[in-house]
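Participant: with the input below, show me the fold.
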Amino acid sequence: MTKTRIEADSMGEFKVPADALYGATTARAVENFQISEKPFPKTFIQMFAELKFACAKANEQLGKLDKKLSHEIQEAAKQVAEGKYYEHFPIDVFQTGSGTSTNMNVNEVIANIANLKCGNAIGSKKPVHPNDHVNMGQSSNDTMPTVIHLAAAKQIKSELLPALSGLQKALEKKAKEFDDIIKIGRTHLMDATPIRLGQEIGGFAAQVKHGRLALEKALPSLYELALGGTAVGTGINTHPQFSKKVCKVLAERTGLEVREAENHFAAQGAKDACVEVSGALKLVASALLKIADDIRLLASGPRAGFAELVLPALQPGSSIMPGKVNPVIPEVVTQVAVQVIANDLAITYGSALGRLDLNVFMPLIACNLLESIQLLANAAKAFDKKCIAGLEANRKRCEELVEQSLMLATPLAPHIGYDKAAALAKKAHKEGKTIRQVATAEKVLPATELKHLLDVSGMTTPQE
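Facilitator: Predicted coordinates:
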């Protein structure tokens, strides 16, 4: 049986695991919210600790918090921000919509770390009190949205943007490498005029670039922090300079250009910035879905598909079919993309249904937003290193399909007319011949002119 201790909060006494660094409020939440068995990610808890560090320092600067107490809180918060004690943050992400439980979890753990260092017992609340000192000048209603912004911005800057930049460069490198390979273009999944493989891959690189730029454009909206609004945005029980001082400390410690929200009522009543950033994440997901699915299609085969690309062979593809190799990384990327698109819907509804002066879907928004960022970062890195870097072109297959294409009749149309060119294509298809063979046999144009017009390399650029 797990050993327990008895602690009290504003609702009375409650059993807490004996070795837990949290207190009664957290223990109640653990019991109440047994929903998903999924706690907040470590990044979120770390940024919450960064916020508590900055708040303690600001309160000391404003003369609101004793220097010694401030120092103890800062030291404890630093340890949590370094990733320590994560096992003491067990509350389910599906909890009270304000995130009060997690805010108190952080307050209680930091207070207990500080108090143990001072030689006092866990749960003593002396000399550091979780509410009076760690939570001074704050409310769950402004700390929670603040941490959502901090954690999302940090992950985007440190993980997602570098991953997308790497993927973009890898695709650009392949586009250059494959630029001399002519292949058949396809529209409506039907044969179209020729295109260079480098042009096709270059289009993928441009999509990644556009997604990256959209994220960079949306990122500053996360730099506005709700801190300072406390309960409903009015700033009750906090110093008017508190938020500005906290933002200065946070900027120094995180490298993020954070600032106090221009309007605290909007910052706490809605989560528009999260919707904006999620929209950019959805754009990235949509682009990766298109790119990965196209690459999977172009690599289909190896004998009964397009087989124009050859993917790195990473693992056996079947438990029953010997020798089968599947496009596992593109499939992972497409699954991630679909999940991110679904997360965006949850974030959008969560923001719109916030209700009046406080959004009460913050845990849901935080969980989905951070998951989308992490999934996309990991997927982009895997796509880059395990797929694009080792991507090869099947030159022979590309040449064969181009030569067989009936759409080689297209450059003949301006010279012999659309109807006659269409008749050539139909005859070539019926007889199982190429456009070149039929056009040559029927002498539709002089041999030299025909050779020039059917030069597939010239079909991949505009002609005068």
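
Participant: every contact and neighbour count from this point should use C-alpha atoms.
Facilitator: OK.

Participant: pull out the buried positions in stretch 425-445.
Facilitator: Going by neighbour count (16 or more other Cα atoms under 10 Å), the buried part of stretch 425-445 is Ala425, Lys427, Ala428, His429, Lys433, Thr434, Ile435, Arg436, Val438, Ala439, Val444.

Participant: turn the residues you listed into TSV, including secondary structure, pLDDT and distance to Ala58.
Facilitator: Formatted as TSV, those follow (DSSP: H, G, I helix; E, B strand; the rest coil; pLDDT from 0 to 100; distance: Cα to Cα, whole Å):
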residue	secondary structure	pLDDT	distance to Ala58
Ala425	helix	92	77
Lys427	helix	94	82
Ala428	helix	91	80
His429	helix	95	78
Lys433	coil	94	80
Thr434	coil	93	77
Ile435	helix	92	77
Arg436	helix	93	78
Val438	helix	93	82
Ala439	helix	91	82
Val444	coil	91	84
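
Participant: of these, closest to Lys451?
Facilitator: For the buried residues of stretch 425-445, the minimum distance to Lys451 (Cα to Cα) is 8.5 Å, reached by Arg436.

Participant: from Asp272, how far off is the closest one?
Facilitator: Taking Cα to Cα, to the nearest Å as the measure, Arg436 falls 58 Å from Asp272.

Participant: now do Ser36
Facilitator: 26 Å.

Participant: quick one: Ala192 is in a strand?
Facilitator: Yes: Ala192: assigned to a strand according to DSSP: H, G, I helix; E, B strand; the rest coil.

Participant: so it makes contact with Ile184?
Facilitator: Yes: assessed by Cα atoms under 8 Å, Ala192 is found in contact with Ile184 at 6.5 Å.

Participant: shared neighbours of those two, which are they?
Facilitator: Shared contacts of Ala192 and Ile184, defined by Cα atoms under 8 Å, 6 or more residues apart in numbering, are found at Ser405.

Participant: looking at these two now, which is surrounded by more residues?
Facilitator: Comparing Ala192 with Ile184 by neighbour count (other Cα atoms under 10 Å), the higher total belongs to Ile184, at 24 against 17.

Participant: I'd say the more buried one and Gln199 touch.
Facilitator: No: the pair Ile184 / Gln199 is not scored as a contact, 11.7 Å apart, by Cα under 8 Å.

Participant: just give me the longest helix of this structure.
Facilitator: Scanning the chain for the longest helix, with DSSP state H as the assignment, gives helix 272-298.

Participant: the very next helix or strand once past that one packs against which elements?
Facilitator: Next helix or strand after helix 272-298 toward the C-terminus (DSSP states H and E): strand 309-310. The contact analysis (3 or more Cα pairs under 8 Å, 6 or more residues apart in numbering; DSSP states H and E) places strand 309-310 against strand 392-393.

Participant: parallel or antiparallel, list what pairs with the strand it packs on.
Facilitator: Paired with strand 392-393 in the same sheet, following DSSP bridges, are strand 309-310 (antiparallel).

Participant: contacting residues around the partner strand?
Facilitator: Contacts to strand 309-310, defined as Cα under 8 Å, 6+ apart, come from residues Ile295, Leu298, Ala299, Ser300, Leu391, Glu392, Ala393, Asn394.

Participant: so who does the residue lying closest to Lys427 once chain neighbours are set aside touch?
Facilitator: Using Cα to Cα, 6 or more residues apart in numbering and skipping the chain neighbours, the partner closest in space to Lys427 is Val438 (7.7 Å). Under the criterion of Cα under 8 Å, 6+ apart, the neighbours of Val438 are Leu424, Lys427, Ala428.

Participant: how much space separates Val438 from Leu424?
Facilitator: Using Cα to Cα, we find Val438 at a distance of 7 Å from Leu424.

Participant: kindly report the same for Glu7.
Facilitator: From Glu7 across to Leu424, the span is 88 Å (Cα to Cα).

Participant: what about the two, which has more around it?
Facilitator: It is Leu424, of Glu7 and Leu424, that has more neighbours when counted by other Cα under 10 Å, with 22 against 17.

Participant: and that one, what helix or strand is that in?
Facilitator: helix 418-431.

Participant: what does that helix contact?
Facilitator: Around helix 418-431, the neighbours that count as contacts under Cα under 8 Å, 6+ apart are Leu406, Met407, Ala409, Thr410, Leu412, Ala413, Thr434, Ile435, Val438, Ala439.
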